[in-house]
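Visitor: sequence isn't available, so here's the structure alone:
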């Protein structure tokens, strides 16, 4: 499959970068990067550079927060059933609520759905088990906003119901006693990007305030919010940035014995924890339990107090995730083959049915296809009784939730937001869904061309260790706060060699048009890079490149500067993120 070329776009946001540089004691380059992230006023820049979790808005701005807190406090003798979900956000929302309630003397127990047998969110079985266990309050987290029938059932069984959620509101609200979800139109909470754990964190903050507990007591919950926020792919802007920034520091020194065991198993002990480690190492271990095993293992790890037992559980989570990775690779390979075989790559919306895929993996596979083709993608698998379950991942110019709302009549159930959604429908309705979504897509060829936004042109001679250290002030990186991208148009490749266990690192020495040389490394698909060299120059020039001989290759690189430490030596290098040919 041919690599989808990115369209390079130079950020052109305007500001007095010199004045910002002087005011905040930073370089003009850093000032430009900050403004490029839509942070421009003095107050915003101050919060961006020095903000933490304590700059959260008041939890009392949430609609129904006063109701929710009053219901919990006035009925504190009742047991609380926390209705969670099976992903990272659900897991950590539940732990936050349980620990918060425990602190003020309220008994609670966590209930989760079986992903395969029951699907997402609260259900009748959870309600029945909670009632049988003597619970009088149903408290949802990371779900509930779309559970009208299930919550009606809980009310019929005599339960007080409090919904905390962050998903989009559908046509009708559930009949709960209190709904704490900032996506409600009449909710005055100003920041709309919190995940379920962020909402739970604010509920606990409101409870602590009423109980006279110091807000500092919430610090022990920060690592849970950080993991959920990054793993749920929320934008690292505004309040999320402060929560994750503080939470990463807390996670590196966590007192949670289970988390410490997982960090040890993943060889992260003693290291600075970055958002990357959550998104690609820690988060997937928790998500995998709910995907292909049982989510109870995740809760057992987080609540384990014995170090040796915690190590055993942590190793199990790692093994479950390793199995999930292998299953994902097989399912993704099949999905790509089906898409090409059916000649549907040009369809605006990619709809794929995988007959043998484990239903918990369809979202990951959809994400893989979306990344490769840059089309909105929904992957389905059969789940019995003539039904199929699907999970979708979208692109910036396509609001998946709104488009699916237009097809609501075809759904048994669905929910989601702009960039992702989950749904169940009859298999016989799948062709009609595909037809409607493609007919109404409203997308152009431009929408299918991924954009690479370059923060600034930066000749390599201007890179210094001081600049690299300063760029760390922009962390944590993630969705909504990407790692800075710099670019230079003309590089000659002086030497090149493939390295690494799987020969998946291209190590180069390159020189720009003024003759300044620097080490460079590329971790992308090197086979495709080699094809690019052969197509634009020749196979002979590629051979010269690898032989370290003078060659005609003249390539543009988008990159991020870093320091490579090896055997006590430090050398500046650029990490290449993309490449192109720019004619002189």
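Guide: Received, thanks. Predicted model, so just to flag it, every value in this text is computed and none were measured. Residues are numbered from 1 along each chain as shown.
Visitor: do I have it right that residue 175 meets residue 147?
Guide: No. Counting by Cβ atoms under 8 Å, residue 175 stays clear of residue 147, with 10.2 Å between them. Every C-beta, even on glycine, is put in place using the N, C-alpha and C of the backbone.
Visitor: those helices in the stretch 201-350 of the chain, which residues are they?
Guide: Along the stretch 201-350 of the chain, the stretches classed as helices by DSSP state H, counting those that start in this stretch are 222-231, 238-252, 257-265, 275-277, 283-292, 296-303, 307-341.
Visitor: now the fifth one and helix 257-265, what's the angle there?
Guide: Counting by axes from the mean of the first three to the mean of the last three Cα atoms, to 10 degrees, helix 283-292 lies at 110 degrees to helix 257-265.
Visitor: re the thing from before, so which of the helices of the stretch 201-350 of the chain gets nearest residue 377?
Guide: Comparing those against residue 377 with Cβ to Cβ, the closest turns out to be helix 307-341 (8.8 Å).
Visitor: elements contacting the following helix or strand past that closest one?
Guide: Scanning forward in sequence from helix 307-341, with DSSP states H and E defining helices and strands, the next element found is strand 350-353. If you count contacts as 3 or more Cβ pairs under 8 Å, 6 or more residues apart in numbering; DSSP states H and E, strand 350-353 packs onto helix 307-341, helix 362-373, strand 377-384, helix 430-439.
Visitor: and the angle from the first one to helix 283-292?
Guide: So that's helix 307-341. Computed with the same axes, to 10 degrees, the direction of helix 307-341 lies at 70 degrees from that of helix 283-292.
Visitor: would you mind pulling up the elements that helix 307-341 packs against?
Guide: Contacts of helix 307-341 with other secondary structure elements, assessed using 3+ Cβ pairs under 8 Å, 6+ apart, are made with helix 257-265, helix 283-292, helix 296-303, strand 350-353, helix 362-373.
Visitor: same question, the shortest one
Guide: If contacts are counted by 3+ Cβ pairs under 8 Å, 6+ apart, strand 377-384 sits against strand 350-353, helix 362-373, strand 387-393, strand 420-426.
Visitor: out of these, the one nearest residue 82 is which?
Guide: Closest of those to residue 82 is strand 420-426, at 21.1 Å (criterion: Cβ to Cβ).
Visitor: could you give the mean pLDDT of that closest one?
Guide: Taken as a whole, strand 420-426 has a mean pLDDT of 93.
Visitor: excluding its backbone neighbours, what's nearest the spatially most central residue of the chain?
Guide: Residue closest to the mean C-alpha point of the chain, counted by Cα atoms, centre = their mean, is residue 233 at 1.9 Å. The spatially closest residue to residue 233, leaving aside those adjacent along the chain, is residue 479, at 5.5 Å (Cβ to Cβ, 6 or more residues apart in numbering).
Visitor: tell me the mean pLDDT for the strand ranked longest in the chain?
Guide: Selection of the longest strand in the chain by residue count, based on DSSP state E, yields strand 486-499. On average, the pLDDT along strand 486-499 is 96.
Visitor: just to revisit the earlier point, which one of the helices and strands packed on strand 377-384 lies nearest to residue 491?
Guide: Ranking the helices and strands packed on strand 377-384 by distance to residue 491, with Cβ to Cβ as the measure, places helix 362-373 first at 26.0 Å.
Visitor: tell me the helices and strands packed up against that closest one.
Guide: Counting contacts by 3+ Cβ pairs under 8 Å, 6+ apart, helix 362-373 is packed against helix 307-341, strand 350-353, strand 377-384, strand 387-393.
Visitor: show residues contacting that helix.
Guide: For helix 362-373, the external contacting residues (Cβ atoms under 8 Å, 6 or more residues apart in numbering) are 1, 4, 328, 331-332, 335-336, 339, 345, 350, 352, 354, 357, 375-381, 389-395, 420, 422, 448.
Visitor: can you give me the mean pLDDT across it?
Guide: If you average the pLDDT over helix 362-373, you get 93.
Visitor: and that helix, what's buried?
Guide: Within helix 362-373, the residues scored as buried using 16 or more other Cβ atoms under 10 Å are 362-370, 372-373.
Visitor: ok, now stretch 135-152?
Guide: Burial within stretch 135-152, assessed by neighbour count using 16+ other Cβ under 10 Å, is assigned to 135, 137-148, 150-151.
Visitor: find the nearest non-adjacent residue to residue 310, please.
Guide: Computed as Cβ to Cβ, 6+ apart, the closest residue to residue 310 that is not its neighbour in sequence is residue 261, at 3.8 Å.
Visitor: show me the contacts for the one you found.
Guide: When contacts are taken as Cβ under 8 Å, 6+ apart, residue 261 is in contact with 301, 304, 307, 310-311, 313-314.
Visitor: among those, name the buried ones.
Guide: Looking at those with 16+ other Cβ under 10 Å, the buried ones turn out to be 301, 304, 310-311, 313-314.
Visitor: so who does the nearest residue to residue 548 once chain neighbours are set aside touch?
Guide: Once its chain neighbours are removed from consideration, residue 548 has its nearest residue in residue 495; the separation is 4.3 Å (Cβ to Cβ, 6+ apart). Taking Cβ under 8 Å, 6+ apart as the contact definition, residue 495 lies against 508-509, 545, 548.
Visitor: and for residue 152?
Guide: For residue 152, the residues meeting the contact criterion (Cβ under 8 Å, 6+ apart) are 174-175.
Visitor: moving C-terminal from the host helix or strand of it, which element do we reach first?
Guide: In this structure, residue 152 sits in helix 148-156 according to DSSP H and E. Of the helices and strands lying after helix 148-156 in sequence (DSSP H and E), the nearest is strand 160-164.
Visitor: just the buried residues of that next one, please?
Guide: Neighbour counts over strand 160-164 (16+ other Cβ under 10 Å) mark 160-164 as buried.
Visitor: make a markdown table out of those and add pLDDT and distance to residue 61.
Guide: Compiled in a markdown table, the buried residues of strand 160-164 are given as follows (pLDDT from 0 to 100; distance: Cβ to Cβ, whole Å):
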| residue | pLDDT | distance to residue 61 |
| --- | --- | --- |
| 160 | 98 | 23 |
| 161 | 98 | 22 |
| 162 | 98 | 17 |
| 163 | 98 | 17 |
| 164 | 98 | 15 |
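Visitor: quick check: the two most widely separated of the residues you listed?
Guide: The most widely separated members of the buried residues of strand 160-164 are 160 and 164, with 13.6 Å between them, by Cβ to Cβ.
Visitor: work out for me the element residue 15 sits within.
Guide: When secondary structure is defined by DSSP H and E, residue 15 falls outside every helix and strand.
Visitor: let me know how buried the nearest residue to it once chain neighbours are set aside is, in neighbour terms.
Guide: With Cβ to Cβ, 6+ apart as the criterion, residue 15 has its nearest non-adjacent residue at 4.6 Å, and that residue is residue 35. Neighbourhood size, residue 35 [other Cβ atoms under 10 Å]: 20.
Visitor: buried residues in the helix or strand hosting residue 35?
Guide: Here residue 35 is covered by helix 28-36, with elements defined by DSSP H and E. Using 16+ other Cβ under 10 Å as the burial criterion, the residues of helix 28-36 that qualify are 29-36.
Visitor: related to what we said a few turns ago, right, so of the helices and strands packed on helix 307-341, which gets closest to residue 14?
Guide: With Cβ to Cβ as the measure, helix 362-373 is the member of these nearest residue 14 (31.8 Å).
Visitor: reformat the helices and strands packed on strand 350-353 as JSON lines; add distance to residue 564.
Guide: Formatted as JSON lines, the entries for the helices and strands packed on strand 350-353 read as follows, by distance: least, Cβ to Cβ, whole Å:
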{"stretch": "helix 307-341", "distance to residue 564": "28"}
{"stretch": "helix 362-373", "distance to residue 564": "27"}
{"stretch": "strand 377-384", "distance to residue 564": "36"}
{"stretch": "helix 430-439", "distance to residue 564": "46"}
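Visitor: tell me which of these lies nearest to residue 129.
Guide: strand 377-384 (22.5 Å).
Visitor: who does that closest one pair up with?
Guide: In its sheet, strand 377-384 lies beside strand 350-353 (parallel), strand 387-393 (antiparallel), with partners assigned from DSSP bridges.
Visitor: that'll do, ta.
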